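Engineer: Sequence plus the predicted model coming up.
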Amino acid sequence: MATGASRSSYSSHSRRAGVGAARWARLGSLGMALRAASRPGAPSLAARLSAVPRMVSASLQGRYAGLSGTRIAALLAAALYVLSPVDLVPEALFGIFGLADDAMLVSWLAGALLVDTDAYLAWERSGAQDTSPGTPQDAPIPSYVVR
């Protein structure tokens, strides 16, 4: 029969394994995004970076539905955390573990930006249809009845 201590040890071990698996999955996602971004014909880094302000602006104006306000907030919060001198897990106290939180956040941010800018640039190349209310696509189309 399992004791309370061994059950606690097992659940703690399984939680650590789950966190480790999630970290490896994020790194794998970043790797796939980087491979896709470096494929022939893919937008350059400069094109992606210059698309970020247009993408955010189009999203906030309601013209681009591919990026939610929550996603914009998460991207902004991640960028501010990485650039901020304040660290929730300081490297001086925790060594390599202090770097791990920063590395995971940077990998998520880079992967998210690669995916989001890729989708936005494809949307832009497709004609950048304005989806905000009151745009010409909402205007009635004249039709004629033939008798």
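Structural biologist: Thanks, I have it.
Engineer: Tell me how many other residues crowd Val52.
Structural biologist: Val52 has 14 neighbouring residues, counting by other CB atoms under 10 Å. Every C-beta, even on glycine, is put in place using the N, C-alpha and C of the backbone.
Engineer: doesn't Asp118 make contact with it?
Structural biologist: No: in this structure Val52 lies outside contact range of Asp118 using CB atoms under 8 Å: 12.0 Å.
Engineer: Tell me the helix or strand right after the helix or strand of the chain with the lowest mean pLDDT.
Structural biologist: One helix or strand of the chain scores below all others by mean pLDDT, DSSP states H and E: helix 4-37, with a mean of 57. For helix 4-37, the succeeding helix or strand toward the C-terminus, using DSSP states H and E, is helix 45-60.
Engineer: what packs against that following helix?
Structural biologist: helix 69-83, helix 96-125 (3 or more CB pairs under 8 Å, 6 or more residues apart in numbering; DSSP states H and E).
Engineer: For Ala46, find the nearest of those.
Structural biologist: With distances scored as CB to CB, the stretch of the helices and strands packed on helix 45-60 nearest to Ala46 is helix 96-125 (11.2 Å).
Engineer: ok, back up a step: save the helices and strands packed on helix 45-60 as a markdown table, and put in mean neighbour count, mean pLDDT and distance to Gln61 too.
Structural biologist: What follows is those, written out as a markdown table (neighbours: other CB atoms under 10 Å; pLDDT from 0 to 100; distance: least, CB to CB, whole Å):
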| stretch | mean neighbour count | mean pLDDT | distance to Gln61 |
| --- | --- | --- | --- |
| helix 69-83 | 13 | 91 | 12 |
| helix 96-125 | 16 | 87 | 13 |
